[in-house]
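Peer 1: Model the following, please.
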Amino acid sequence: MKSRLLTICLASVAALSAGQVQAQQPAKIGLVDFARLQREFYRTDLERKSFQAKRDEERTKIEARRGKFKELLDAQAGAQKKLKDPTLSEDAKKKVVEEATERQGQLQSLQQELLELEGKINAELAAKANEVQKSLTEEIYNTIGEVANAQGFDVVLNRTFGINGVPTVAFSSDKGPGKLADLTAEVGKKLNSKAPAGWSPPKEAEADIKP
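Peer 2: As a prediction, this is how the structure comes out:
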């Protein structure tokens, strides 16, 4: 009985000791520069170009209607000038007034159309920008997780995002046991493994997709 109790005690001590050793092992922590990853991600560049093309296309529609609006305004100004002509007959004046009245209605309708179109386009572009940004962010974070898991990291900190733009990591040692491994290059390489042939990051790429 004493032998059995001794065995149980020894086993308990061994388990506690193992737990203490395990508890004393520090977490493996890494760093990434999210802003750099997003800036140098081939999809960010491609999505931005696609988004800008869509934005320019929609703005062309608006500019066409603004051009028509200006034509009508110029015609109204011309009508006002005609009405001041003392040589203009009464019948001619009547016709000018009728045409001006009709144009005024067109101006009001076109102005309302412009307001609605601009609101619709801006809302669609904002929604598209959010959708693209979310997709890019998810892919980047998923890739960070894949690289971190493959190398046994417990935590990966982001050195670029934080409250009011302040980096989450203000300082990290680059030497000694406290050094945090920077996984940015490895994650970036994995992200761009499917980039089109010949693609290279733009020299001055924006980090966000903006309407």
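
Peer 1: isn't there a helix covering residue 46?
Peer 2: Yes. With DSSP: H, G, I helix; E, B strand; the rest coil as the criterion, residue 46 is part of a helix.

Peer 1: quick one: stretch 67-86 to chain centroid distance?
Peer 2: Taking the mean of its C-alpha atoms, stretch 67-86 sits 45 Å from the chain's own mean (Cα atoms, centre = their mean, to the nearest Å).

Peer 1: got it, and stretch 55-66?
Peer 2: Worked out by Cα atoms, centre = their mean, stretch 55-66 lies 22 Å from the chain centre.

Peer 1: Mind listing residues that contact that stretch?
Peer 2: 110, 113, 114, 117, 118, 121, 124, 125, 211 (Cβ atoms under 8 Å, 6 or more residues apart in numbering). Quick note: C-beta positions are derived from backbone N, CA and C, even for glycine.

Peer 1: tell me which element the first one falls in.
Peer 2: Here residue 110 sits within helix 90-150, counting by DSSP states H and E.

Peer 1: Past the helix or strand bottoming out on mean pLDDT in the chain, which element shows up next along the chain?
Peer 2: Least confident element among the helices and strands of the chain, by mean pLDDT, DSSP states H and E: helix 2-24 (a mean of 44). Heading C-terminal from helix 2-24, the first helix or strand you meet, by DSSP H and E, is strand 29-32.

Peer 1: What helices and strands are in contact with that following strand?
Peer 2: With contacts defined as 3 or more Cβ pairs under 8 Å, 6 or more residues apart in numbering; DSSP states H and E, strand 29-32 has these neighbours: strand 155-158, strand 181-182, helix 184-191.

Peer 1: which neighbours does it have in its sheet, and in what orientation?
Peer 2: strand 155-158 (parallel), strand 181-182 (parallel) (DSSP bridges).

Peer 1: among the contacts of stretch 55-66, which one has the lowest pLDDT?
Peer 2: pLDDT across the contacts of stretch 55-66 is lowest for residue 211, at 53.

Peer 1: what kind of secondary structure is residue 168 in?
Peer 2: Residue 168 ends up coil, using three-state DSSP.
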